[in-house]
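> What follows is a predicted protein model with its sequence.
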Amino acid sequence: EPEVTQTPSHQVTQMGQEVILRCVPISNHLYFYWYRQILGQKVEFLVSFYNNEISEKSEIFDDQFSVERPDGSNFTLKIRSTKLEDSAMYFCASSEGYSNQPQHFGDGTRLSIL
Amino acid sequence: QKEVEQDPGPLSVPEGAIVSLNCTYSNSAFQYFMWYRQYSRKGPELLMYTYSSGNKEDGRFTAQVDKSSKYISLFIRDSQPSDSATYLCAMGPGANSKLTFGKGITLSVRP
């Protein structure tokens, strides 16, 4: 069964450094998403992306964050200057975009900021 | 009032029990409802989704939505030890919109 894949599974970065998290959505899907889950807290929406532009973003998704679909298969989340509070699990998701089909999630990247 | 509230856990049941997991919500714009299962260090795995009031059944799982009461439930029949996981409710205005999640409830099914 097709799945969303994310790399790396664990990323350790010094505070202030840039980090790029990578995702390969399911191949025929048109909508892409990033969510995060801080340890012990709810899964929170960050951003959705459709037709090569952001369709919706949360208040968490400030100028330090950006998303890109650099080619036909990858979808990336960049954090420009990481802070300690960016430490979390980051989940990528994708959906077909029609027929009310749901969002499917990857297994996440655990981001640890030192 | 939080947008989505999920019954706190953890919940421990014997194998074979019927499990009821519940969420309430306050946002009338929510029309699309999902249940995800999450194992430790894994992503949310889709269990069921629905966008209408009433019941939807899939094997041992039944999802129930009551939009008038803003209440959703997931029932698990004949629970198995392999059902032990964290269960997340999620909802949004539509399938391709921002999802708002409950905090999750950890279920343990004892053999």
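Good, I have the coordinates. Residues are numbered from 1 along each chain as shown, chains lettered A, B, ... in the order given.

> residue boundaries of the strands in chain A?
Listed in chain order, the strands of chain A (DSSP state E) span A:5-7, A:10-13, A:19-24, A:31-37, A:43-50, A:53-57, A:65-68, A:75-79, A:88-95, A:104-105, A:109-113.

> for chain B, same thing?
B:4-6, B:11-14, B:19-25, B:32-38, B:45-50, B:54-58, B:61-66, B:71-76, B:85-92, B:100-101, B:105-110.

> Which one of the ones you listed lies nearest to A:F49?
Nearest to A:F49 among those is strand B:85-92; the distance by C-beta to C-beta comes to 15.7 Å. C-beta coordinates here come from the backbone N, C-alpha and C atoms, glycine included.

> Which elements pack onto the closest one?
Packed against strand B:85-92 by the contact rule (3 or more C-beta pairs under 8 Å, 6 or more residues apart in numbering or on different chains; DSSP states H and E) you find strand B:4-6, strand B:19-25, strand B:32-38, strand B:71-76, strand B:100-101, strand B:105-110.

> same thing but at 6 Å, please
When contacts are defined as 3 or more C-beta pairs under 6 Å, 6 or more residues apart in numbering or on different chains; DSSP states H and E, strand B:85-92 packs onto strand B:32-38, strand B:100-101.

> what mean pLDDT does the last one have?
For strand B:100-101, the per-residue pLDDT values average out at 97.

> Point out the other elements, helices or strands, that it touches.
Using 3+ C-beta pairs under 6 Å, 6+ apart, strand B:100-101 is in contact with strand B:85-92.
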